[in-house]
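[1] coords please:
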Amino acid sequence: MQHGLLLLFLLLAAAASPALSAPEPEPIDILAARDPDFARARQALGAKDWNTAIKALHVAEQRDGRNAEIQNLLGYAYRNTGQLDVAFKHYQRALQIDPRHRWAHEYIGETYLMMKDLGNAEKHLAALERICSLPCEEAAELKAKIAAYKKSAR
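    Below you'll find the model as predicted:
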């Protein structure tokens, strides 16, 4: 019985300690911390400075060509400049590197909606629903955009 109480005490103490319960940094934050070009690209994306983001991401891509997040963000930046064919290329590359990349599925689905291709958008929503064992933000956002698309198409 004492061992059980000790274990419970240790678990409660660990949960209460910020150092022990702090969340792990997101991989995107780790990448930004070690790659100044990626960090500059994220800052440019936040400012909606798509061309600066594209330039910085291409520099980061030269060092890390097999990084799905770099490819995904290149797709996102190109999509926001209206260059949808180039955006598709980068989203597809991101998904080739990491078939479970949730943001790439969401963003390529949104790009398909921009092209009025509901079927492919729904395929990426279905992929997100398989990938996310619990409801996830990416699936919810794509689902909402598909619903809005369907509503506007009536």
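[2] Go ahead and name everything in contact with the host helix or strand of Ile28.
    Per DSSP states H and E: Ile28 is located in helix 27-34. Contacts with helix 27-34, where a contact means Cβ atoms under 8 Å, 6 or more residues apart in numbering, come from Pro25, Phe38, Ala39, Arg42, Asn67, Glu69, Ile70. All C-beta atoms are positioned from the backbone trio N, CA, C, and that covers glycine.
[3] try 7 Å
    Phe38, Ala39, Arg42, Glu69 (Cβ atoms under 7 Å, 6 or more residues apart in numbering).
[4] Compare those residues and tell me which has the most neighbours.
    Among these, the one with the most neighbours (other Cβ atoms under 10 Å) is Phe38, at 25 neighbours.
[5] how about it, what does it touch?
    Phe38 neighbours (Cβ under 7 Å, 6+ apart): Leu31, Ala32, Ala60, Ile70.
[6] Among the contacts of helix 27-34, which are located in strands?
    Members of the contacts of helix 27-34 lying in strands (criterion: DSSP state E): none.
[7] which one's the longest helix in the chain?
    helix 137-153 (DSSP state H).
[8] centroid residue for this protein?
    The centre of the chain sits closest to Trp103, judged by Cα atoms, centre = their mean, with a distance of 2.9 Å.
[9] Which residue comes closest to that one once chain neighbours are left out?
    Asn72 (5.4 Å; Cβ to Cβ, 6 or more residues apart in numbering).
[10] can you tell me the average pLDDT over whatever helix or strand that neighbour lives in?
    Assessed by DSSP H and E, Asn72 sits inside helix 68-80. In this model, helix 68-80 has an average pLDDT of 98.
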